[in-house]
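S.K.: Sequence and predicted model, in that order:
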Amino acid sequence: MTDKIRTIKYLLMIPVFLTASLPVAAYFSSYVSGDFVIIFFLCYFAIHLIISCMAIRYKREKWDIAVSAVTTVILMLVFRDRVLALNMLLALMAAGVFYLFRRKRINRAGWVILATLETGLWLFVDYREVPKLIAISLVLLCIYALGNVMGRDVRYYIAVLFLLGIGVAFIPVKEDPIQWTYVKKAIEGMGKLIDKAGDELEYLGTLFSGGGAGYTGYSDSNAFGGGGVRSREREDLFVETSRRNGTIYLKGRSLLNMNEEGFSVEEEVKEPFNEWFVEYINALYHAGVSRDEAFCFSKIQRINVEYRLLRTEDLIAPMNILNVEQKPSKGLEGKKGRHFRYVLRYMALDYASPYLIRVLNEDKAPCEDYDTIKKYVNELYSIDFSKIMTEEEYNSIAAVERDYSAYMDTSMATDRIRSLTEEVTADCKNDYEKARAIEAYLRQYAYSTDVDRPENDNYIDRFLFEERRGYCTYYASSMVLMLRLCGIPAKYSIGYMHTYTKEYSSVMSTEAHAWCEAYIDGFGWIPFEPTSVKETAEDLGWGLKVSESSGSDEIGEAPTPYIPAVPQEAVLEGEEGTKNPVKQDQDFDRIGLMKFLSYIAGMLGFAAALLIILKLVGYIRYRMLTPEKKLSENIKRIRKLVDEKAFKDHSARSIYEYADAIKDPEKRVELKKLFDDYYKVRFRGDEAGEEVVLQSRKLAGYLASNKKLIGGV
């Protein structure tokens with residue numbers, strides 16, 4: 001290639017460089033502080049382009065970036081201005097990127113990556129307000145990148161392409177910005193397909209390994225690190241409920257012993273599903289709860305659960321199970337995966353109901369006999385108690401005095417945690433009020449999934465007094481410890497907090513959650529929600545009351561526990577200068593990043609699909625050719641390969657000169673023999689045998705993958 005041709009090719013690339021830099025420059029100008037000035041940037045960038053052009057003209061291509069760097073330093077020393085210096089450095093960085101793009105190994109992939117990043121950047125920032133000039137630049141850049149990938153020397157056509165772009169830029173249109181809604185939807189759809197494929201691969205991977213920590217989603221290993229949680233959504237379960245709307249805890253397991261790595265995998269001993277009902281129904285009986293009152297805070301419901309992209313040994317089920325109606329053929333034990341399903345009945349409770357709170361404040365009483373409770377259950381719920389448990393089962397559960405010492409591990413407690421717990425619960429009268437006070441206090445801390453937790457660190461103490469932010473694991477762990485310091489048995493439960501608005505719904509991995517359960521003596525285990533961004537029992541309350549005509553006694557108001565002021569550093573500024581005790585979810589940037597990456601993946605996937613289609617079309621076309629045409633196509637490919645590497649003047653030459661350009665003597669002989677056979681087919685009319693066609697194809701492939709064997713002539 002002559003110096004003139006190289007210079008012309010580079011000059012043809014200048015519009016491409018400017019087009020590629022314009023969207024980035026416009027983004028910095030619009031969304032970054034005023035230190036960036038687009039005119040300054042483009043002027044200095046133009047200087048670097050001129051330096052590169054001169055270096056190419058005088059065969060000093062390897063030195064142009066060094067000269068640009070020296071020029072930048074000199075200009076910075078001359079002007080000594082912070083704003084100009086910033087724009088000079090950014091222009092030098094852009095020149096460095098395009099310097100790399102001139103390398104053959106980087107050229108094709110580099111342009112695709114750049115086009116994808118820039119398009120994704122604008123779609124991510126504000127897809128509804130992309131200026132017309134930027135939109136045109138992005139389209140032209142994408143066209144050039146795709147053309148470059150397809151192996152076409154689009155530089156010779158770039159003038160026509162950019163003239164067309166300039167023409168479109170000056171066509172009068174509405175002042176409204178270009179709408180990217182359909183583009184965004186198409187890219188998001190492609191991103192969802194890619195995410196779904198990734199979820200399937202990840203699910204297959206769980207056949208050989210456990211769940212992955214560090215992502216949103218259920219993990220029976222309970223492993224959690226200090227680098228935060230990355231948001232990724234997949235369908236873990238599919239549920240069918242007997243109600244059309246509501247929020248439900250789906251628990252997988254409860255953990256007991258805590259340490260610096262979190263709660264140990266050792267979990268509580270599994271008891272019969274319906275054991276809880278004995279203490280619950282006796283508490284209602286001794287509190288004198290009527291049928292109308294029970295209806296206000298308790299309902300028997302049915303749920304059908306099917307596992308989708310979840311593999312675990314845990315049974316994910318609602319709390320307060322009454323009985324299992326339908327089991328899988330292999331039972332409920334062992335590893336569970338896709339298509340594992342079961343049906344059960346459970347008791348849904350409104351823990352914010354004043355009727356239930358009255359029960360919680362009652363003193364513990366001994367269990368009644370089976371017949372009395374059976375009659376009472378039928379009175380409240382119109383069901384046969386014997387279908388829930390037999391008399392023998394009831395008596396065996398009622399006669400046992402439970403030992404809750406396993407739920408009292410306080411090894412993570414520090415002096416300041418003890419002091420804080422005493423302060424929070426100082427004015428509380430009973431265990432239930434203490435639990436409510438601790439829950440309310442913790443909900444004042446900021447929620448964040450981006451928390452750095454050093455190893456071998458007391459993460460609870462750090463959360464309460466230093467970080468003062470965290471995600472559900474931190475909230476639940478802190479509440480468990482503080483409850484235990486109050487003498488209240490507590491456990492750390494993991495599963496899902498699922499909200500549904502119809503009978504059929506998907507339980508997504510992003511609904512995975514950890515919460516706290518406290519044992520209230522005389523009633524049983526009650527869930528509490530200390531995580532600030534989740535709904536409390538009050539938020540999810542049903543709001544049902546007994547009508548006045550029923551003649552029920554007055555219930556009074558629910559107790560309001562004392563909540564000491566949270567440290568000032570733990571709250572954030574809200575709107576209009578007020579303090580907002582609950583920090584909004586800080587995952588916006590993380591979620592936005594995932595969308596941004598999906599745009600990139602979508603465009604790369606589109607480019608890859610386009611390449612595959614072109615290759616497939618070429619292969620089908622080749623297979624449909626006659627043997628003579630196949631031989632001719634392979635010879636053309638060989639000549640093109642040798643021409644590009646060995647002959648740079650593009651002048652006419654004998655076909656045997658191509659064979660002389662091969663450095664390997666053996667391949668040179670093979671190529672000359674192939675040319676002899678080709679001439680016989682072309683000029684003498686011989687038939688092209690399969691062996692000759694195959695030999696020509698193999699030689700073309702060999703030379704394409706071993707270009708170093710082709711030498712200059």
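M.R.: Now that the structure is in, tell me what you want to look at.

S.K.: contacting residues around residue 89?
M.R.: residue 72 (CB atoms under 8 Å, 6 or more residues apart in numbering). The way it works is simple: take the backbone N, C-alpha and C, and place the C-beta from them, glycine included.

S.K.: hey, where'd the helices end up in the stretch 351-500 of the chain?
M.R.: In the stretch 351-500 of the chain, the helices defined using DSSP state H, counting those that start in this stretch lie at 354-360, 370-381, 391-399, 415-424, 431-442, 459-462, 472-485.

S.K.: From residue 397, how far out is the residue nearest to residue 318 when sequence neighbours are not counted?
M.R.: Distances taken as CB to CB, 6 or more residues apart in numbering put residue 346 closest to residue 318, at 4.3 Å, once the chain neighbours are dropped. Separation of residue 346 from residue 397 (CB to CB, to the nearest Å) stands at 18 Å.

S.K.: now swap in residue 120 and tell me
M.R.: Taken as CB to CB, the span from residue 120 to residue 397 is 59 Å.

S.K.: hmm, back to that, highest average neighbour count across the helices of the stretch 351-500 of the chain?
M.R.: Each of the helices of the stretch 351-500 of the chain was scored by mean neighbour count; the highest is helix 472-485, a mean of 26, by mean count of other CB atoms under 10 Å.

S.K.: Next, the angle helix 415-424 makes with that helix.
M.R.: Here helix 472-485 runs at an angle of 70 degrees relative to helix 415-424 (axes from the mean of the first three to the mean of the last three CA atoms, to 10 degrees).

S.K.: Residues contacting stretch 480-489, please?
M.R.: Residues outside stretch 480-489 that contact it (CB under 8 Å, 6+ apart) are 258, 404, 407-410, 412-413, 417-418, 420-421, 424-425, 431, 434-435, 438, 460, 490-492, 516, 518-520.

S.K.: can we see that at 6 Å?
M.R.: Outside of stretch 480-489, the residues within contact range by CB atoms under 6 Å, 6 or more residues apart in numbering are 404, 407-408, 410, 412-413, 418, 421, 425, 431, 434, 438, 460, 490, 492, 516, 518-519.

S.K.: Repeat that for stretch 665-679.
M.R.: 635, 655, 659, 662, 692, 696.

S.K.: Relative to residue 622, which of those residues is nearest.
M.R.: Top of the list for closeness to residue 622, among the contacts of stretch 665-679 and by CB to CB, is residue 696 at 11.8 Å.

S.K.: residue contacts, the closest one?
M.R.: 631, 634, 674.

S.K.: try 8 Å this time
M.R.: Applying CB under 8 Å, 6+ apart to residue 696 gives the contacts 630, 631, 634, 635, 638, 674, 678.

S.K.: cool, residue 325 as well?
M.R.: Applying CB under 8 Å, 6+ apart to residue 325 gives the contacts 302, 343, 344, 345.

S.K.: Where strands are concerned, which of those residues count?
M.R.: 302, 343, 344, 345 (DSSP state E).

S.K.: The first one pairs with what?
M.R.: Using DSSP bridges, the beta-bridge partners of residue 302 come out as residue 345.

S.K.: any idea how far it is from residue 273?
M.R.: 14 Å.

S.K.: same deal with the second one?
M.R.: Distance, residue 343 to residue 273, using CB to CB: 13 Å.

S.K.: Common neighbours of those two, please.
M.R.: residue 324.

S.K.: Neighbour count for the two, which is higher?
M.R.: residue 273 (19 against 14; other CB atoms under 10 Å).

S.K.: Provide the secondary structure category for that one.
M.R.: Here residue 273 takes the coil state, with states given by DSSP: H, G, I helix; E, B strand; the rest coil.

S.K.: Give me the pLDDT for it.
M.R.: Per-residue pLDDT puts residue 273 at 81.

S.K.: that older thread, for the contacts of residue 325, which one is nearest residue 380?
M.R.: Looking across those and measuring by CB to CB, the closest to residue 380 is residue 345, at 15.1 Å.

S.K.: you'd agree that closest one is up against residue 300?
M.R.: Yes - with contact defined as CB atoms under 8 Å, residue 345 reaches residue 300; the gap is 6.0 Å.

S.K.: Compute the first-to-last residue distance for stretch 363-371.
M.R.: 23 Å (CA to CA, to the nearest Å).

S.K.: and the nearest residue in space to residue 241 that is not next to it in sequence, how far is that from residue 505?
M.R.: Nearest residue to residue 241, sequence neighbours excluded (CB to CB, 6+ apart): residue 303, at 5.3 Å. Look at residue 303 and residue 505: by CB to CB, they are 11 Å apart.

S.K.: got any residues that touch both of the two?
M.R.: Joint contacts of residue 303 and residue 505 (CB under 8 Å, 6+ apart) are 239, 241.

S.K.: I'd like the average pLDDT over stretch 81-97.
M.R.: pLDDT averaged over stretch 81-97 gives 77.

S.K.: burial of residue 37, as a residue count?
M.R.: The criterion is other CB under 10 Å. On that basis, residue 37 has 16 neighbouring residues.

S.K.: so what's the closest residue in space to it that isn't next to it in sequence up against?
M.R.: Spatial nearest neighbour of residue 37, excluding adjacent residues (CB to CB, 6+ apart): residue 87 at 5.9 Å. Counting by CB under 8 Å, 6+ apart, residue 87 touches 36, 37, 40, 41, 44.

S.K.: from those residues, which is closest to residue 323?
M.R.: Set against residue 323, the nearest of the contacts of residue 87 by CB to CB is residue 36 (66.8 Å).

S.K.: what about residue 403, neighbour count?
M.R.: As a burial measure, residue 403 scores 8 neighbours (other CB under 10 Å).

S.K.: Also residue 413?
M.R.: Using other CB under 10 Å, residue 413 has 18 neighbouring residues.

S.K.: List phi and psi for it.
M.R.: Backbone geometry at residue 413, expressed as degrees, to the nearest 10, gives phi -70, psi 140.

S.K.: Next: residue 262.
M.R.: The phi/psi pair for residue 262 (degrees, to the nearest 10) is phi 120, psi -160.

S.K.: any idea how far it lies from residue 457?
M.R.: From residue 262 to residue 457 the distance is 11 Å (CB to CB).

S.K.: The residue nearest to residue 681 when sequence neighbours are not counted is in what secondary structure piece?
M.R.: Closest residue to residue 681 apart from its sequence neighbours, by CB to CB, 6+ apart: residue 688 at 4.9 Å. According to DSSP states H and E, residue 688 maps onto no helix or strand at all.

S.K.: my guess is residue 688 contacts residue 634, does it?
M.R.: No - between residue 688 and residue 634 there is no contact under CB under 8 Å: 10.1 Å.

S.K.: so what's residue 515 bridging to?
M.R.: Bridge pairing for residue 515 - DSSP bridges - gives residue 493.

S.K.: neighbours of it, just the number please.
M.R.: Using other CB under 10 Å, residue 515 has 25 other residues around it.

S.K.: Does it touch residue 531 like I think?
M.R.: Yes - using CB under 8 Å, residue 515 is in contact with residue 531, at 7.2 Å.
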